[in-house]
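Asks: fold the following, please.
(chains A and B)
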Amino acid sequence: MTATERLTISLLWVIGATVFVVLYGPALMVVLLSFFDITREGIDWGSFGFQWYGRLGDNPQMLAALGNTLLVGACAVVLATALALGLAYYMKTGARRGRAFVEFVIFLPFVLPAIITGISLLIAFRELGLERSLITVTIGHVVLILAIIYRMVTIRLDSLENSQIEASLDLGANGRQTFFHVVLPQLRSALVTSGLLAFTLSFDETLVTFFLVGGDATLPIRLWAMMRVGFTPEVNALVSIVLVVTITLAVLGAMSLKEAMARK
Amino acid sequence: MNDASNTGADAGMSFRNLIHLAGVGKSYGAVNVLKPIDLVIGDGEFLTILGPSGSGKTTILRMLGGFTPPSVGRILLDGVDITDMPIFERPFNTVFQDYALFPHMSVARNVGYGLKMRGRPRREIDRKVADVLAIVDLADKAQRYPAELSGGQRQRVALARAIVCEPRVVLLDEPLGALDAELRRSMQDFLKALQRRIRTTFVFITHDQEEAISMSDRIVVMDHGKVEQIGTPKDIYYRPQSEFVAKFFGENNVLPARLTGSGASPVAESPLGSHALLGPAPADAFSIAIRPESFSVGDAGTGTAGQRSMVGRLESLTFLGATTQLVVRLGEGSPHTVKVRLPTPDLGNGIGIGKPVPLRWSDADVSILVARGAP
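Replies: A predicted model of the protein is given here:
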């Protein structure tokens, strides 16, 4: 190895480390701070402990916001998955007219500025006489994440040969049996992966939610509101928990994807 | 158009009529992918539908399986109209070109799928799956997944899956297309033996002439959405009825002919001389065909009825191993040549390029071809 090569490699390591620190530093900082007291003089290194995690349990507003977020995310993912699955399978099982148009409409909220989507939904709900609540937030999230789930289901369905569906029918299965025995099992990994991804999106979605939320705040909305009065250290604890959960979900999603690829 | 009712009877085989395609055709808008055909498929028959791609052969199979509804005509099974019967109710099973195995199921579950969907008890499924896997020699692979099998093994799983439900007809859509030449030949033998063993009707799609000839009881030759000829492999090979069929199977000599004589005694005039036509007269101008191996060389043995001879001039001579191919010009200054194929040991010493060659053949070996496009 020449000196130049050694220098280049060292330089690449430095750049890589810098990028890593810039990307993950703030998150790690939050996790670190969640274990210490912060005083006017700085961090009190002697105060290491889970006290903020304990305090979190005493903050009912925060816990309610977390619960709302989880509820909205779960409902939105289930609803959007059912819709996307039905629509994608319908499009797969025949030459459907208007497919391009329907897909365009589905993808529109995903590419439109969130503020437009938020205001549009707000106006629509008002016209319908629907009070702002967690229900409207859930519907808004469904509109947003439908595109992701639909896309991933469609990609998987497209790689499923039509001959497999024909083979199933040929072997005496009706349409319903074919769907549950042949199609759905092969979509499982796509559904899990897109579900996790969509849940993550719903979890931190702020802008559209801001227009649709009623009395019950979601976590991002609660955090945003707290910014005006200043954060308390239990926010660090909460963010740390969210971080761990999100990383776990992402790893699970990646593993399910990898397993599915290996089978294929 | 061929007579639809000759279900292998002309070859000494007799099959009970099982399926009748009555005037079945398919068109997409103005595009006619299959002109209406009449075809009777016998019970227990190995019927091959042969043609180049785009000839409409797969369309016939897909209509039989119920995947594509015919535009016109009816499909009858044992005299019962099944044209509108849904796929999953038809007592037919298909071996797909890409095998269409379910990748998320083991071999045993793939094979047992049809029985399970028909609500058979678990015990019966297990037994039948084991039986049929033994037949296709995959008993030890029952718990494997399709991705872990070789191409030939997947093919046999697809086959097992299609026969385990004991269908009335097995439809095979170019199932050997993806296999290499050696495996292909052994699968041909295997398929034929299997078909004899289970005595089930096979409708086999291929574009491979050799495959069709070696496996089939009868062959339906298709081209451009039209049936060119239906017959036994020997019929198709030695008695082609159209130029397409004559040229589709191996080497053949196709020569132009004219109709002379008239009324009760039509005569065909060709570079090989004139001969009386036995059947109805074709169009004024048509072709005749004779196989290269139908010629022999030599002066001796004249006098037999129907024997013909002519002296030509040898243009070229190609040694092919067991046989040797000669190209002979039919007379001095004639524009026509014929290919002659002789067993190499039969070549006499007198044969040399530029020298005269005495050709002999029998009238019975000359086929009269209906001109392309004639009804």
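Asks: show me what counts as buried in the helix or strand bottoming out on mean pLDDT in chain B.
Replies: Least confident helix or strand, chain B: strand B:273-276 with a mean of 76, by mean pLDDT, DSSP states H and E. Applying a neighbour-count criterion of 16 or more other Cβ atoms under 10 Å in any protein chain shown, one finds B:His275 buried in strand B:273-276. The C-beta positions use only the backbone N, C-alpha and C, and glycine is treated the same way.
Asks: got a list of contacts for it?
Replies: Here strand B:273-276 makes contact (Cβ atoms under 8 Å, 6 or more residues apart in numbering or on different chains) with B:Thr260, B:Gly261, B:Ser265, B:Pro266, B:Val267, B:Ala268, B:Arg308, B:Met310, B:Asp363, B:Val366.
Asks: paired strands for the following helix or strand past it, with orientation please.
Replies: Next along the chain after strand B:273-276, taking DSSP states H and E as the criterion, comes strand B:285-290. Strand B:285-290 has its sheet partners listed here by DSSP bridges as strand B:253-260 (antiparallel), strand B:367-369 (antiparallel).
Asks: quickly compare these and say which is most buried.
Replies: Of the strands paired with strand B:285-290, the one with the most neighbours on average (mean count of other Cβ atoms under 10 Å in any protein chain shown) is strand B:367-369, at a mean of 22.
Asks: what segments of the stretch 101-250 of chain B are helices?
Replies: Ranges of helices in the stretch 101-250 of chain B, per DSSP state H, counting those that start in this stretch, are B:107-117, B:122-135, B:151-163, B:181-198, B:209-215, B:233-238, B:243-248.
Asks: one more: chain A?
Replies: A:3-33, A:51-57, A:60-92, A:99-111, A:114-128, A:134-159, A:162-170, A:175-178, A:184-204, A:207-212, A:219-227, A:233-263 (DSSP state H).
Asks: thinking again about what came up before, could I get the helices of the stretch 101-250 of chain B as TSV with mean pLDDT, distance to chain A and mean neighbour count?
Replies: Converted to TSV, these look like this (pLDDT from 0 to 100; distance: least, Cβ to the nearest Cβ, whole Å; neighbours: other Cβ atoms under 10 Å in any protein chain shown):
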stretch	mean pLDDT	distance to chain A	mean neighbour count
helix B:107-117	95	4	24
helix B:122-135	94	12	16
helix B:151-163	92	7	23
helix B:181-198	89	17	15
helix B:209-215	90	21	18
helix B:233-238	90	28	19
helix B:243-248	88	28	21
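Asks: follow-up on the earlier one: for B:Val129, find the nearest of the helices of chain A.
Replies: helix A:162-170 (16.3 Å; Cβ to Cβ).
Asks: hmm, A:Leu212 and A:Glu131 touching each other?
Replies: No - between A:Glu131 and A:Leu212 there is no contact under Cβ atoms under 8 Å: 10.6 Å.
Asks: who's more crowded, these two?
Replies: A:Leu212 (23 against 10; other Cβ atoms under 10 Å in any protein chain shown).
Asks: got a pLDDT number for that one?
Replies: A:Leu212 is assigned a pLDDT of 86 by the prediction.
Asks: contact partners for it?
Replies: A:Gly118, A:Leu121, A:Leu122, A:Phe125, A:Arg132, A:Thr136, A:Val137, A:Ile139, A:Gly140.
Asks: contacting residues around the nearest residue to the first one once chain neighbours are set aside?
Replies: Across the structure, with Cβ to Cβ, 6 or more residues apart in numbering or on different chains as the measure, the residue nearest A:Gly118 apart from its sequence neighbours is A:Phe211 (3.5 Å). If you count contacts by Cβ under 8 Å, 6+ apart, A:Phe211 has them with A:Gly118, A:Ile119, A:Leu121, A:Leu122, A:Gly140.
Asks: cool, A:Leu83 as well?
Replies: A:Val142, A:Leu146, A:Tyr150.
Asks: kindly report the same for A:Asn236.
Replies: So A:Asn236 contacts A:Val30, A:Val31, A:Leu33, A:Ser34, A:Trp52 (Cβ under 8 Å, 6+ apart).
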